[in-house]
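Chemist: Need coordinates for the following:
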Amino acid sequence: MKTETKVMTSVDELRALEGQVLGTTDWFEITRERITGFADATEDWEEIHMNPERGANSPFGTNIAHGLYTLSLGPKFQYEIFTMSGHSLALNYGFEKVRFISPVKLGARLRMTQELLAVEPLDGGSKFRTRQTFEIEGQEKPACVAESVFAYFD
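Modeler: Numbers count the residues shown, from 1 in each chain. Next comes the predicted model:
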């Protein structure tokens, strides 16, 4: 179930949510056009992603999305979970851990749940570590689980 987008007007509001699930997005369909767009942007045209015949003859029975495409949906999904104003700067610090657990088949639908694991002080702001769980509709095992790190400055 999608969570209503949280609208925060200060970094303190996000800090106060440490240890909580921030929300879950709507389902998002993984289309051939989106896979192709990612492949074109990254110049990663591996056949399991791009060639319909190769996908049909694979153990998955169809093409699968790039794992990094799934991970790259994190910012899009995060904007659905919360918006932030009242800060001077936001920075992506990267990832502590990323695991690609299940392949994402062409036509699958994904959503992300984000949990705020920890808040650490930085000079002028805070660093936030979240767990991003990318679920595949109808499957028990997620597509990806990642610990994302970003910062907001007051």
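Chemist: C-alpha from now on. contacts and neighbour counts both.
Modeler: Noted.
Chemist: now the residue nearest to Ser148 when sequence neighbours are not counted: how far from Met1?
Modeler: Among residues not flanking Ser148 along the chain, Phe95 sits closest, at 4.5 Å (C-alpha to C-alpha, 6 or more residues apart in numbering). Using C-alpha to C-alpha, to the nearest Å, Phe95 is found at 26 Å from Met1.
Chemist: Run me through the strand neighbours of the strand ranked longest in the chain, direction for each.
Modeler: Ranked by number of residues, the top strand in the chain under DSSP state E is strand 109-122. Sheet pairing of strand 109-122 (DSSP bridges) gives strand 21-24 (antiparallel), strand 28-29 (antiparallel), strand 125-136 (antiparallel).
Chemist: which one of those is the most hemmed in?
Modeler: Mean neighbours per residue, mean count of other C-alpha atoms under 10 Å, is largest over those for strand 125-136, with a mean of 23.
Chemist: Phe95 and Met1: which has the busier surroundings?
Modeler: Phe95 (14 against 9; other C-alpha atoms under 10 Å).
Chemist: for this protein, which residue is closest to the average position?
Modeler: Centroid-nearest residue in the chain: Gly74, 2.3 Å away (criterion: C-alpha atoms, centre = their mean).
Chemist: Let me know the secondary structure of the residue nearest to Ser148.
Modeler: Here Phe95 is strand, with the state taken from DSSP: H, G, I helix; E, B strand; the rest coil.
Chemist: same thing with Tyr69?
Modeler: Per three-state DSSP, Tyr69 ends up helix.
Chemist: thought it was touching Asp40?
Modeler: No. Using C-alpha atoms under 8 Å, Tyr69 makes no contact with Asp40, being 11.6 Å away.
Chemist: Alright, I will stop here.
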